[in-house]
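Novice: Sequence first, predicted model second:
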Amino acid sequence: MQSFLKTGKLSKAEAVKTSVSQEKSKEKPKKPTPWVEKYRPRTVDDVVEQKEIVAVLKQCLSGADLPHLLFYGPPGTGKTSTIIAAARQLFGDMFRERILELNASDDRGIQVIRDKVKSFAQLTASAVRPDGKPCPPFKIVILDEADSMTHAAQAALRRTIEKETKTTRFCLICNYVSCIIPPLTSRCTKFRFKPLGEKMVRTRLELICKEEKVSCDQDALDLIVETSGGDLRRAITCLQSCARLKAGESIIREDILEVTGIIPDETIDNVLVACQGYDYKEIENCVNRILLEAHSASQVLEQLHDRIVGDLTTSDTAKSLISEKIAICNFRLLEGSSEFVQLTDLFCSMAKIYKTAKSN
């Protein structure tokens with residue numbers, strides 16, 4: 001400052017400080033990213049629990065030819081992440097140019113298959129990257145959630161797969177392989193993605209807690225692992241939602257129940273006690289409490305089914321009758337029926353079944 005007053009110019013040291021401060025002010029803060037994307041596998045080796053497909057893709061990365069692929073299995077098991085990680089390793093920085101990804105949010109009728117997919121498949125691909133390294137001379141078309149494609153679109157895709165095999169590989173991803181027409185499944189190498197084991201999900205969640213500096217009780221982690229059902233994406237999303245909700249505080253079991261919509265065990269216990277005691281007034285009170293607390297009727301049916309099937313004191317005949325009634329009520333709920341009416345009907349029917357089973 002003194003030099004500026006004397007000469008009207010800043011000294012070199014002050015000029016450097018000013019430029020550094022200006023550069024820091026220009027730096028934009030990093031945008032928060034979903035943890036699901038942040039911790040998505042970057043290489044094939046990062047994919048867990050899917051040994052067969054990892055072994056095949058490793059052979060392809062080492063020089064073997066890549067077949068057409070069909071990945072199927074429950075959601076959140078790494079189907080899309082696996083093929084994108086393989087494409088990143090195969091093509092390097094240009095992998096975005098070499099893949100065409102379409103999912104259920106895109107229009108994938110027969111016209112899209114004939115135009116967009118066919119025109120992309122007909123493009124030729126070089127066997128050399130821009131940096132001079134060799135790469136496979138083909139492209140990859142990823143059709144996510146292929147089980148929602150129409151049969152006409154799948155039939156049109158069949159001919160495209162046959163004609164463009166020299167320049168394009170297709171990867172179909174779906175939850176239910178039975179929804180894919182046989183001519184397509186016969187042209188692809190099928191791999192089933194299994195639900196992730198509880199130990200693997202827990203290990204991944206503990207790693208994320210350590211990296212993000214999130215404090216989470218063991219009971220809360222156990223509940224996340226239990227409710228995820230092998231769906232790692234669901235588990236990570238739940239953990240991030242709880243971390244944002246607590247804002248630095250330790251995550252406890254009640255927070256997981258609040259975020260996931262899981263119904264407390266006490267509520268299910270009260271329903272079973274009322275049904276087994278043939279107390280229709282208490283049954284009505286249980287239904288009112290469930291609806292006042294804004295619990296999902298579908299979640300009630302799911303947890304009630306799991307509890308009854310695992311109950312050793314209930315006869316097999318009673319279990320089958322109650323399960324059948326739960327299925328009927330679930331169908332009616334999906335058709336738009338009243339939650340109050342269906343829950344009341346189910347609980348009263350359960351009371352009648354328990355009373356009949358006891359008299360026999």
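Specialist: Great, that's in hand. On a predicted model such as this, the values are computed, not experimentally measured, just so you know.
Novice: Roughly how far does C329 sit from G336?
Specialist: From C329 across to G336, the span is 13 Å (C-beta to C-beta, to the nearest Å). Placement of C-beta: from N, CA and C, glycine included.
Novice: quick one: which of the two has more around it?
Specialist: Neighbours per residue (other C-beta atoms under 10 Å) separate C329 from G336, with C329 holding more: 24 against 6.
Novice: Pairing partners for L100 in the sheet, please.
Specialist: Beta-bridge pairing for L100 (DSSP bridges): V141.
Novice: residues touching it, list them.
Specialist: 116-117, 120, 139-142 (C-beta atoms under 8 Å, 6 or more residues apart in numbering).
Novice: again, only this time at 10 Å
Specialist: 116-117, 119-121, 123, 139-143, 168, 170 (C-beta atoms under 10 Å, 6 or more residues apart in numbering).
Novice: Looking at those, which are in helices?
Specialist: Residues of those located in helices (DSSP state H): 119-121.
Novice: which of the residues you listed has the most neighbours?
Specialist: Ranking those using other C-beta under 10 Å puts A121 first, with 22 neighbours.
Novice: wait, that one sits on F170?
Specialist: Yes. Here A121 reaches F170: they are 8.3 Å apart, a contact under C-beta atoms under 10 Å.
Novice: what touches both of the two?
Specialist: Joint contacts of A121 and F170 (C-beta under 10 Å, 6+ apart) are 100, 139, 141, 157, 160-161, 164.
Novice: ok, which pair from those is furthest apart?
Specialist: For those, the farthest-apart pair by C-beta to C-beta is K139 and L157; their separation is 15.1 Å.
Novice: Of the two, which one has the most company?
Specialist: The neighbour comparison of K139 against L157 (other C-beta under 10 Å) goes to L157, with 27 against 21.
Novice: Could you give the bridge partners of I251?
Specialist: Counting by DSSP bridges, I251 forms beta bridges with C216.
Novice: wait, it sits on D217?
Specialist: Yes. Between I251 and D217 there is a contact under C-beta under 10 Å: 6.5 Å.
Novice: Can you pick out the residue with more neighbours from the two?
Specialist: Legend: neighbour count by other C-beta under 10 Å for I251 and D217, higher for I251 (23 against 14).
Novice: per-residue pLDDT, that one?
Specialist: pLDDT for I251: 87.
Novice: Dump the helix or strand harbouring R244 to CSV, restricted to CA.
Specialist: Element membership of R244 [criterion: DSSP states H and E] is helix 232-246. The C-alpha trace of helix 232-246 is given here as CSV (Å, rounded to 0.1, in the frame of the first residue of the first chain):
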residue,chain,number,x,y,z
LEU,A,232,-27.2,-50.8,-3.2
ARG,A,233,-28.6,-47.8,-5.0
ARG,A,234,-31.5,-47.6,-2.6
ALA,A,235,-29.2,-48.0,0.4
ILE,A,236,-26.9,-45.2,-0.7
THR,A,237,-29.8,-42.9,-1.4
CYS,A,238,-31.3,-43.5,2.0
LEU,A,239,-28.0,-42.9,3.7
GLN,A,240,-27.5,-39.6,1.9
SER,A,241,-31.1,-38.5,2.6
CYS,A,242,-30.6,-39.2,6.3
ALA,A,243,-27.2,-37.4,6.3
ARG,A,244,-28.8,-34.3,4.8
LEU,A,245,-31.7,-34.5,7.3
LYS,A,246,-29.5,-34.7,10.3
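Novice: List the buried residues in it.
Specialist: Within helix 232-246, the residues that count as buried by 16 or more other C-beta atoms under 10 Å are 232-243.
Novice: From the contact counts, what lies against that helix?
Specialist: Using 3 or more C-beta pairs under 10 Å, 6 or more residues apart in numbering; DSSP states H and E, the elements in contact with helix 232-246 are helix 35-38, helix 79-91, helix 198-212, helix 218-228, helix 253-260.
Novice: run the last query once more with 7 Å
Specialist: helix 35-38, helix 198-212, helix 218-228, helix 253-260 (3 or more C-beta pairs under 7 Å, 6 or more residues apart in numbering; DSSP states H and E).
Novice: could these go into a markdown table alongside mean neighbour count?
Specialist: Shown next, in a markdown table, are the helices and strands packed on helix 232-246 (neighbours: other C-beta atoms under 10 Å):
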| stretch | mean neighbour count |
| --- | --- |
| helix 35-38 | 14 |
| helix 198-212 | 15 |
| helix 218-228 | 18 |
| helix 253-260 | 18 |
